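In: after the sequence you'll find the predicted model.
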Amino acid sequence: MARDLGILVIVVLVLAATCQSAVVSPVSESHRSAALELFSPAHGSYGRLNINTLETHPLRIVFDSQIVDLVFQYKISLALGHVYLEETYEALKTFKVLGIEKKHAIRTSSCASVADTLKSTSSALKDFFDALRVNSILKCELNSEAVRGTQSRLKDSLNGASSLIDFYYSIGGLVLLKEQMSEVDVNLGDADRIFRSIKALGQSDGRWRLSSNNPESSNNAAGIALEALAGVISLATPQIDNSWVSFDFCSFVLANSMKITTLKNDILKLFDGIERYDDGTYYFDEKHVGARGHQSPLSSSASVVRGIAAVAAATSETLNLPGEKIMGLAKFFLGVGVPGSAQDLYHQIDALSYLENIRHVLWKLTSFRTLYNKAHPDLKIYSSDHDFVAALVRVSTLLGSPAPTLSVRLMQIFVSGSKDASVIDQELKFDAVSGMHVLETLPKNIDVGSYIFSFEVIFHNPEHKKTYVSGGRTRVLVHITGVIKIDNAEIVILDGDRGSVENQKKLKLPGDNAVALSANHLQKLRLSFDMSTPFGNAFKPHQAFLKLRHESGVDHIFLVGNSGKKFEIILVKASSLVLLLDFLGLVEKFFYLPGRYNIQLTVGDADMENSFLQPLGFVELDLPDAPEKATRPPPQAVDPYSRYGPKAEITHIFRAPEKRPAKELSLTFLGLVLVPFFGFLAGLVQLGANLKNFPKSTVPSTFAILFHLGIAAVLALYTLFWLKLDLFTTLKALGFLGMFLMFVGHKTLSHLASTSSKLKSV
Amino acid sequence: MGRSAATKDAHALFHSLRSAYAATPNNLKIIDLYILFAVATAVIQVAYMAIVGSFPFNSFLSGVLSCVGTAVLAVSLRIQVNKDNKEFKDLPPERAFADFVLCNLVLHLVIINFLG
């Protein structure tokens, strides 16, 4: 949008009062380096990268590993040919806003693609729009034939458009054409009709629907619609020529101003639907998931900002937008930090640049460095994130450029937690070298504690007040800490009702103490000490506990400086802290456990530098015996690690083994068993058994021998089986041996049979 | 007198049996000897078990049954080989012996498996 309003919005960043993550800084080097990483071209065009998920287009999967380094893969791949124009435009726009010069590497292929797209008849409406957008940044040389063809295509689509997206692309394309090619005539004849048809899609709550059959409305569509309507207005402006004082012109101007008024009302209605966070951030979000998929608040808000900027550019009147909401939108966009995806970065940077064009927002960066306060060397200032800081305020614009001359004043200091405030009105000195405003001295009566400092920006040039948004007074939470002195610390055992001191021990706090006391249940224990700040004022800490821990592990915690039923406070001085323990009343609380109790004192505060937790010694308590119904002390927690430690060893009980006979007996019987065998052999001899029938000739004798060997082998196999083999192996081997034995045995026995039958027949 | 008569009769019976037995062929006598040997082994094993107890029982069974089994097989061999036995006239003794060997081998496989 060409109209430059010349208004700089200085963005004042305020160090948010909560935690480190809320530090919001204007656009800086981190954005630039992120842009270079995310928009890294490959295949001669820019792709869309997401650092977190590395989503890439399918054609560029090969180049993933090279994307991280910043050397461009400059490959003109005309074979693949397709340059992603939308992504290229996003990259180029982001680089332009951030001031990065990278265009030369991509120019040739992108221009070629733009020319191709405009020439081709098969390009879609979106392609024309994207090509013209890329051209608006690169300013390529275009064929006038192609340009005229594009213009006629766009005009035809506009006449036939029905959905909001079609209107947007065709009108947007015509506006871009008008900017780039002044000789092309893109004026709309029936601007009123088009205006009305776009408006017809709008709704009363300020949002727009994408088309008449889609009932869902969204802020994103509203942004698109505002851009389209602003485009209609700018296109409908006729060329200024000498005959501009004419009735047609006057009526036209009137109609235009009415259109602009309706647009302004639409914008105000849209702002009614804005959402906000508690810290003043404003943003636009979608209630329904539209047909275009889920639109994040970032893209919806960016779309709306673009729409508003387009309207602002189309008219010379000022849009009276509430400065607070502009500031809130700026806070939202900057609060994103550095986005991880290329598209988010584009939306953020684009929206910030348009916000700049609407109104300049002042961003105050308050950082506190070490403040050397000469008057009070004991005090140090901390901001809420506990860094050693001094009061420095840097004022700059949203995109990081310096602010006009102004001064920052510390207006008020509130004591945190209370309503009263002291009005200071002290101006911060401007250090031209670093560009920061420095708070050099603290006001006189500041003591240790938490405060809220309130800063305000005062412009030197009153004109700037109209064009800049400074966000009013900004508040920062500051802790002023110091070393707290503890005096007069003593622990005393008081005797019974009379209150006389039985045993008194002085303590050194903080320091090593080993106090040994003894008391019975009729006595009282009193602990008292004074706390004072470096200036001598009384100090009341947030935490002051006394813990009595029995040897069995049972704890009892008492608050020092508190009043309750069981113990009283005797305030000797306003600044001292006293704890009085009356054991008579506490006997039941102690579960009637006598014995040694270790004493531990804890004193601490956020503004106290020397908070401590210390053992003080022990006290031997003598308590009466517990009555029947007394509560038992709670069981102490089992060491959690013992649950997973080794368990007790299990001793297994085995069946008593059988009684085995003596070895000698077994061996005797082994011998006895063999006796019948020898008896058998002897009997055989006596009977005259012989081997006369053993075959004598070679072949039969071989078979006979093999037969006997085979049987022996089988018996040996059985022995092996008993010793170590298993059944299946044995059976396998037995099968083979059996085959062999069968064959051999058959041979032998048949030979023997034939021999004996021969004998018989003879 | 009665007693001595009984004794005399027993003696006479015994002698006649002995002489009759002497007439048996040698191979049958061998087989009988073998049977005696097997039974004696079984008896010794039973005596051992009686002394030391029946643990492990399967081993005892396997030992005893191997002896008994082989004795039974030898008995059947004797029946088949005996020439006086009309029933097995056509069965060649070599065939009976082959059966004896085979059955013994199977028996001993089972015994070894059961021995444990």
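Out: Received, thanks. Everything quoted here is computed from the prediction, not taken from an experiment.

In: what about the closest residue to residue B:81 other than its chain neighbours, distance to residue B:106?
Out: Closest residue to residue B:81 apart from its sequence neighbours, by CB to CB, 6 or more residues apart in numbering or on different chains: residue B:93 at 4.7 Å. Placement of C-beta: from N, CA and C, glycine included. According to CB to CB, to the nearest Å, residue B:93 stands 20 Å off from residue B:106.

In: these two: which is more packed in?
Out: Taking other CB atoms under 10 Å in any protein chain shown, residue B:93 and residue B:106 do not tie; residue B:93 has more neighbours (18 against 14).

In: my read is that that one contacts residue B:80, right?
Out: Yes: with contact defined as CB atoms under 8 Å, residue B:93 counts as touching residue B:80 (7.3 Å).

In: residues in contact with the residue nearest to residue B:81?
Out: Applying CB atoms under 8 Å, 6 or more residues apart in numbering or on different chains, we find residue B:93 in contact with A:756, B:80-81.

In: so which of these comes closest to residue A:583?
Out: residue B:80 (110.8 Å; CB to CB).

In: which residues in the stretch 151-300 of chain A form helices?
Out: All helices of the stretch 151-300 of chain A, identified by DSSP state H, counting those that start in this stretch, fall at A:164-180, A:191-200, A:219-236, A:247-272, A:297-314.

In: so residue A:588 sits in a helix?
Out: No: the assignment for residue A:588, made by DSSP: H, G, I helix; E, B strand; the rest coil, is coil rather than a helix.

In: next up, phi/psi of it, please.
Out: phi -70, psi -30 (degrees, to the nearest 10).

In: over to residue A:616. Which of the three states is it?
Out: Quick answer, by three-state DSSP: residue A:616 is strand.

In: residue A:456: neighbour count?
Out: 17.

In: that one against residue A:409, yeah?
Out: Yes: using CB under 8 Å, residue A:456 makes contact with residue A:409 at a distance of 5.5 Å.

In: spell out which parts of chain B neighbour chain A.
Out: B:26, B:29-30, B:33-34, B:36-38, B:40-41, B:44-45, B:47-48, B:51-53, B:55, B:92-95, B:97-98, B:101, B:105, B:108-109, B:112-113, B:115 (CB under 8 Å from any CB of the partner chain).

In: how about residue A:311: what's its closest non-neighbour residue?
Out: residue A:230 (4.6 Å).

In: now do the one you found against residue A:323, distance only.
Out: Applying CB to CB to residue A:230 and residue A:323 gives a distance of 22 Å.

In: residue B:105 now?
Out: 112 Å.

In: looking at these two, which is more packed in?
Out: residue B:105 (19 against 16).

In: rewinding a little: please pick the buried ones from the residues of chain B next to chain A.
Out: Buried by 16 or more other CB atoms under 10 Å in any protein chain shown: B:29-30, B:33-34, B:36-38, B:40-41, B:44-45, B:48, B:52, B:92-94, B:97-98, B:101, B:105, B:108-109, B:112-113, B:115, out of these.

In: residue A:132: neighbouring residues, count only.
Out: 28.

In: shouldn't it be within a strand?
Out: No: looking at residue A:132 with three-state DSSP, it is helix, so not inside a strand.

In: not counting its neighbours along the chain, what's nearest it?
Out: residue A:176 (4.0 Å).

In: tell me the contacts of that neighbour?
Out: So residue A:176 contacts A:129, A:132-133, A:135-136 (CB under 8 Å, 6+ apart).

In: pick out the residue nearest the middle of chain B.
Out: What sits nearest the mean C-alpha location of chain B, by CA atoms, centre = their mean, is residue B:35, with 2.5 Å.

In: what's the neighbour count on the closest residue to chain B within the stretch 501-650 of chain A?
Out: Nearest to chain B, among the residues of the stretch 501-650 of chain A, is residue A:650, at 28.1 Å (CB to the nearest CB). The tally of other residues near residue A:650 (other CB under 10 Å) stands at 5.

In: swap in residue A:587?
Out: Neighbours of residue A:587 (other CB under 10 Å): 19.

In: and residue B:10, by the same measure?
Out: Considering only other CB under 10 Å, residue B:10 is surrounded by 10 other residues.

In: next secondary structure element downstream of whatever helix or strand it lives in?
Out: Taking DSSP states H and E as the criterion, residue B:10 maps to helix B:2-22. Proceeding N to C from helix B:2-22, the next assigned helix or strand is helix B:26-52, under DSSP H and E.
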